[in-house]
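In: no sequence for this one, just the structure:
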């Protein structure tokens, strides 16, 4: 099988790290610089960087750039979610399996969850994220809602099962997320999800609603994920506000 472009770039960057070209703690070139160096799209570079992040070779932080780590990170279900890049690591480590794709009309309850007018139409994608270590215990069920104008997603979510849907929207429609607003709630697992997730109906779970916001402040995608107890830990760091002098 022919090696994908992003795999080749990831392999070459990993070799540069191993050779000492980029030693521990060193900053590697920006996405823009790598795009120019390899003459590829930003999506391809992001895929390569995700692969290196998954291997524990680099760490990425908004405003601080991308740096070579001191040592590889072991796989864990404890996921830090302080930066958008942290969502990419979660996606790369857990395969998306699509269960259903259809168009729905938002009723009052759904409209309140995803922040839209009742009666509006949405492309609905129902999927699970498989745990690479425990295929019979998915880490979550996710219902994703995006504009019906993004019709290519029907095929893309299956052909690229590791990518975030928001990244597919950016790559194919040019809409980029500036922020992701998260709401985390304790819930019981709904009956429609219980069998697929391998748990009893009503058993404890976390529901995480994520609204992807573009640069104009508009929501272009909303995901509602239900994580059974014990399969996912969301780590957040709280800091004091620093007053400007």
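Out: Cool, the structure landed. All figures in this text were calculated on a predicted structure; none of them were measured in a lab.
In: Where does the prediction get shaky in this structure?
Out: Using pLDDT under 70 as the threshold, the predicted model of the chain has low-confidence ranges 1-3, 70-90, 92-93, 235-237, 239-245.
In: Mind naming the longest helix for it?
Out: When the chain is scanned for its longest helix (criterion: DSSP state H), the result is helix 5-19.
In: how about it: buried residues?
Out: Buried residues in helix 5-19, defined by neighbour count with 16 or more other Cβ atoms under 10 Å: 6, 9, 10, 13, 14, 17. Heads up, the C-betas are built off the backbone N, CA and C, glycines and all.
In: Nearest residue to the fourth one in space, please, no chain neighbours.
Out: Here the nearest residue to residue 13 in space, its sequence neighbours aside, is residue 52; by Cβ to Cβ, 6 or more residues apart in numbering that works out to 6.1 Å.
In: Go ahead and confirm the one you found touches residue 15.
Out: No: shown here, residue 52 and residue 15 do not form a contact pair, counting by Cβ atoms under 8 Å, at 11.2 Å.
In: how does this structure divide into domains?
Out: 5-70, 91-235 (automatic domain parsing).
In: Tell me what residue 98 is bridged to.
Out: residue 127 (DSSP bridges).
In: Let me see the ranges of the helices in the chain.
Out: 5-19, 31-38, 42-54, 84-93, 108-114, 153-159, 165-173, 191-197.
In: for the fifth one, which positions count as buried?
Out: Think helix 108-114. 110, 111, 113, 114.
In: excluding its backbone neighbours, what's nearest the second one?
Out: Leaving out its chain neighbours, the residue that sits closest to residue 111 by Cβ to Cβ, 6+ apart is residue 118, at 4.4 Å.
In: For the nearest residue to residue 222 once chain neighbours are set aside, give me its contacts.
Out: With Cβ to Cβ, 6+ apart as the measure, residue 114 is the residue that lies nearest to residue 222, at 3.9 Å, once sequence neighbours are left out. For residue 114, the residues meeting the contact criterion (Cβ atoms under 8 Å, 6 or more residues apart in numbering) are 106, 122, 145, 209, 211, 219, 222, 224.
In: Could you measure from residue 184 over to residue 60?
Out: In this structure, residue 184 and residue 60 are separated by 23 Å, where distance is defined by Cβ to Cβ, to the nearest Å.
In: Tell me which residues touch residue 122, please.
Out: With contacts defined as Cβ under 8 Å, 6+ apart, residue 122 is in contact with 103, 104, 105, 106, 114, 116, 145, 146, 147, 148.
In: now that we have those, which one has the most neighbours?
Out: Neighbour counts for the contacts of residue 122 (other Cβ atoms under 10 Å) peak at residue 146, which has 25 neighbours.
In: Report how many residues lie close to the residue nearest to that one when sequence neighbours are not counted.
Out: The shortest distance from residue 146 to any non-neighbouring residue, by Cβ to Cβ, 6+ apart, is to residue 221 (4.6 Å). As a burial measure, the neighbour count of residue 221 was computed by other Cβ under 10 Å and equals 27.
In: Residue 181 now?
Out: Here the number of neighbours of residue 181 (other Cβ under 10 Å) works out to 12.
In: how far away is the spatially closest residue to it that is not a sequence neighbour from residue 58?
Out: Counting by Cβ to Cβ, 6+ apart, the nearest residue to residue 181 once its immediate chain neighbours are dropped is residue 211, at 4.5 Å. Here the distance between residue 211 and residue 58 works out to 28 Å (Cβ to Cβ).
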